[in-house]
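**Student:** all I have is the shape, not the residue letters:
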């Protein structure tokens with residue numbers, strides 16, 4: 001008889017019996033952290049279902065569930081390391097020290113974008129993966145900073161360890177750096 005997952009939302013109660021839906025609800029950074037370290041959950045070949053238990057996901061990927069639990073617990077703090085402020089981004093961009101990759105839609109990019117940023121399309125994504133040095137300093141940007149976190153974790157998971165996500169996205173950029181750009 002299969003054990004029912006606990007209905008806990010207390011982070012201290014995290015266990016292998018939790019469903020991935022519970023895990024990602026209580027630990028919002030978990031999916032990015034799992035992909036970045038273990039290549040779990042970022043694409044169709046390594047994905048999981050919300051109803052899968054953490055034990056099942058760990059087993060399916062040949063991982064120790066206790067190590068995975070420890071990594072998820074630490075992921076909240078690690079996520080702070082992946083973010084960069086709009087001010088830091090502006091300075092690095094001004095110095096020409098980063099590639100600023102905009103991961104929004106072409107329509108969003110047309111409304112407002114940071115000068116010097118590059119809209120990522122399929123061709124650029126392939127070029128990055130196939131030809132860019134894994135040491136390239138990259139900052140990703142989106143509307144509010146969530147899609148860019150996913151993109152940064154994806155890039156880090158593929159060896160681009162010098163990648164960060166700009167906290168707050170273009171919305172924060174307009175508020176803190178360049179108020180001449182339209183907000184949407």
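**Tutor:** That came through, no problem. What you see is a predicted model; the values in this text were computed from it and never measured. Numbers count the residues shown, from 1 in each chain.

**Student:** how many other residues sit next to the closest residue to residue 72 other than its chain neighbours?
**Tutor:** Leaving aside its chain neighbours, residue 72 sits nearest to residue 30 (4.9 Å; criterion: C-beta to C-beta, 6 or more residues apart in numbering). Placement of C-beta: from N, CA and C, glycine included. Using other C-beta atoms under 10 Å, residue 30 is surrounded by 25 other residues.

**Student:** which residues of this protein score low on pLDDT?
**Tutor:** Applying pLDDT under 70 to the chain flags the ranges 1-7.

**Student:** per-domain residue ranges of this structure.
**Tutor:** 11-80, 85-176 (automatic domain parsing).

**Student:** isn't there a strand covering residue 165?
**Tutor:** Yes - the assignment for residue 165 is a strand, going by DSSP: H, G, I helix; E, B strand; the rest coil.

**Student:** that one contacts residue 152, correct?
**Tutor:** Yes - Residue 165 lies in contact with residue 152 (C-beta atoms under 8 Å); the separation is 4.0 Å.

**Student:** what do those two both touch?
**Tutor:** 82, 140 (C-beta atoms under 8 Å, 6 or more residues apart in numbering).

**Student:** the most centrally placed residue in the chain and residue 77: what is the separation?
**Tutor:** Nearest residue to the geometric centre of the chain (C-alpha atoms, centre = their mean): residue 150, 2.5 Å. Per C-beta to C-beta, to the nearest Å, residue 150 is found 18 Å from residue 77.

**Student:** same question, residue 132
**Tutor:** For residue 132, the distance to residue 77 - C-beta to C-beta - is 28 Å.

**Student:** now the domains of the chain as TSV including distance to residue 182?
**Tutor:** Output for the domains of the chain, formatted as TSV (distance: least, C-beta to C-beta, whole Å):
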stretch	distance to residue 182
domain 11-80	29
domain 85-176	5
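
**Student:** and the contacts of the biggest helix by length in the chain?
**Tutor:** Determined from DSSP state H, the single longest helix within the chain is helix 65-82. Applying C-beta under 8 Å, 6+ apart, the contact partners of helix 65-82 are 11, 14-16, 23, 27, 29-30, 32-34, 37-38, 54-55, 57-59, 149, 152-153, 156, 163-165.

**Student:** which parts of this structure are strands?
**Tutor:** Using DSSP state E, the strands of the chain run over 83-84, 99-102, 117-119, 138-141, 163-166.
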